[in-house]
Each structure stands twice: as structure tokens, then as C-alpha cells.
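Quick one, fold the following:
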Amino acid sequence: MHCGADARVEVSCRGCALSRICLPARLSPPETRLLEQAVERGRPLAAGASLIHAGRRLQALYVVRGGSAKSIGLSIEGDEQILGFHLPGEVVGLEAFARDLHLCEVVALEPMRFCRIPVRRLEPLMQALPGLRREIIRLLGQSLQEAQRQRSCMGLADARQRLAGFLVDLSRRLEQRGLSARQLRLSMSRRDIANHLALTLETVSRTLSAFKRAGWLAVRLRQIEILQPQALAALSGAA
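Have a look, this model is predicted:
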């Protein structure tokens with residue numbers, strides 16, 4: 001599906017509900033006004049449509065405005081591996097800075113809206129705006145830190161720790177967006193979660209059931225209520 005932008009729509013970062021967690025969050029008002037001139041409003045994507053195609057050259061960065069997406073890469077064995085999930089306010093496509101090439105396929109998990117920042121406009125702004133340059137560097141460092149944390153988790157944690165860590169992290173990210181930290185609506189399937197955590201679908205379902213029996217969670221299809229956040233945090237090592 002074509003993921004073009006509708007340049008006729010005037011974009012206001014300052015008036016956006018995501019402004020406090022999105023790319024302009026640490027920019028000064030003059031810097032934000034200049035960034036707005038580079039931002040394009042993308043056409044809505046249907047669930048299952050690709051926002052970014054693996055193997056394509058870097059042409060833009062994307063910011064999720066509504067809905068969610070998943071990044072899919074290839075494991076050493078050549079199998080598809082879900083590398084992460086993207087929520088509103090998060091920048092997508094940063095990994096392409098390494099080789100000027102997108103290494104991941106980014107697919108909408110549900111109907112999704114997004115903003116697009118063409119690199120041909122972004123690069124001059126990064127040179128002119130120290131605040132934007134620092135923010136991009138911070139996001140790149142954050143992305144690297146998350147990748148290292150994920151590798152460490154996969155190497156050391158058992159299934160219960162991995163799933164607890166996933167739920168704790170998702171809860172924290174939703175809370176940052178002004179949403180409930182305890183009432184989680186999963187846009188991703190259990191199969192996607194299992195793939196991301198390098199577990200089997202059966203293990204994820206069994207572990208969720210164990211958390212439910214322990215009184216830590218209430219689970220109804222994709223609706224999860226965290227009843228004992230301290231217990232999950234302690235198990236994941238985040239307490």
C-alpha cells in the first residue's frame with residue numbers, strides 16, 4: 001500500500017495531544033515551529049498495511065499518531081522476528097540511519113495514523129537546530145539501549161520474567177500517554193507477543209493463566225487488568 005503524505009493538511013505539533021511525548025517535546029517554541037514546516041500528515045493505514053518496507057532506502061522518519069505497529073526483522077536463521085511494538089508518539093525508522101536502508105518491515109497492527117518527516121527536510125533542520133539534533137541523538141541512543149536490554153532479557157530471563165517485563169514496559173509506555181497503567185488493551189496478538197519474546201504461543205498462554213491464578217492479572221481475550229503491579233515489577237526486575 002502506498003504510504004504517501006497529504007501535504008495539503010497543515011500540521012500543528014504544538015496543538016497535538018502527543019506533543020509532550022513526541023519529537024518536539026524537548027524543543028523550544030521557535031524550533032517546533034520550524035519542525036512543523038517539515039512534517040507531513042500521512043494517509044491513514046489499514047490494519048496489516050506496511051508503513052515501511054524492509055530493504056527500501058531511508059527517505060523519511062515516521063511518528064505514530066494513532067493506533068500501533070510492529071517492526072519485523074529476520075533472525076540469524078532467516079525466520080521472521082518481531083523486534084518491537086510502536087505506540088502513539090513514538091518515532092519509527094531510526095534504524096535506517098545506520099546504512100541509509102530500512103532493515104525492518106513496519107506493519108500496522110490496527111488502523112493507524114502517522115506523521116512523516118522527509119529526510120531531505122530533516123537533515124538541514126538538524127544542522128540548524130541544536131535541540132532537534134540532540135533529540136535525534138537521544139532517540140538513537142534510546143533505541144540502542146532498548147535493543148541491548150532486549151538481548152539481555154532473551155539471554156537471561158525465563159518465560160515468566162520475559163512476559164512480566166513485557167507487561168511492565170507496556171504499562172509504563174501507556175501511562176506516559178495519559179492512559180491507564182492497569183487497564184491494557186493489547187493491539188498485538190498473543191502469537192505476536194510470543195514471537196517477540198522468543199517463546200511459544202502455548203507458553204505465553206500458560207504463563208498468562210498462571211499470573212491470573214496468582215491474582216496478578218485479570219485476563220479477558222485482549223483485555224488485561226494488572227491487579228498486582230508490584231508483583232510483576234519484582235518478577236521482571238523493574239521494582
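
from here on, contacts and neighbour counts on C-alpha atoms
OK.

Tell me which stretches of the chain form helices.
29-36, 119-128, 130-156, 159-176, 190-196, 201-213, 229-236 (DSSP state H).

Which one of the ones you listed lies nearest to residue 77?
helix 190-196 (14.0 Å; C-alpha to C-alpha).

Show residues contacting the closest one.
Contacts with helix 190-196, where a contact means C-alpha atoms under 8 Å, 6 or more residues apart in numbering, come from 81, 82, 83, 84, 200, 201, 203, 204, 205.

Spit out the contact partners of the last one.
When contacts are counted by C-alpha under 8 Å, 6+ apart, residue 205 touches residue 190.

before we move on, what about the third one?
When contacts are counted by C-alpha under 8 Å, 6+ apart, residue 83 touches 70, 71, 72, 73, 196.

let's see it at 10 Å
70-75, 104-106, 147, 150, 195-197 (C-alpha atoms under 10 Å, 6 or more residues apart in numbering).

pLDDT score assigned to it?
Looking at residue 83, its pLDDT reads 92.

bridging residues for the residue sitting nearest the centre point of the chain?
For the chain, residue 86 is the residue whose C-alpha lies nearest the centre (C-alpha atoms, centre = their mean; 1.9 Å). Assessed by DSSP bridges, residue 86 has beta-bridge partners residue 69.

Hmm, residue 63 and it touching each other?
Yes: applying C-alpha atoms under 10 Å as the test, residue 86 and residue 63 come out as touching, 9.2 Å apart.

What is the neighbour count of the closest residue to residue 232 other than its chain neighbours?
In this structure, residue 232 finds its nearest non-sequential neighbour in residue 164, 5.3 Å apart by C-alpha to C-alpha, 6 or more residues apart in numbering. Using other C-alpha atoms under 10 Å, the number of residues around residue 164 comes to 23.

circling back: out of the contacts of residue 83, who's nearest residue 57?
residue 104 (11.4 Å).

Could you tell me how many residues sit around the closest one?
Per other C-alpha under 10 Å, the neighbour tally for residue 104 reads 22.

separation between it and residue 60?
14 Å (C-alpha to C-alpha, to the nearest Å).
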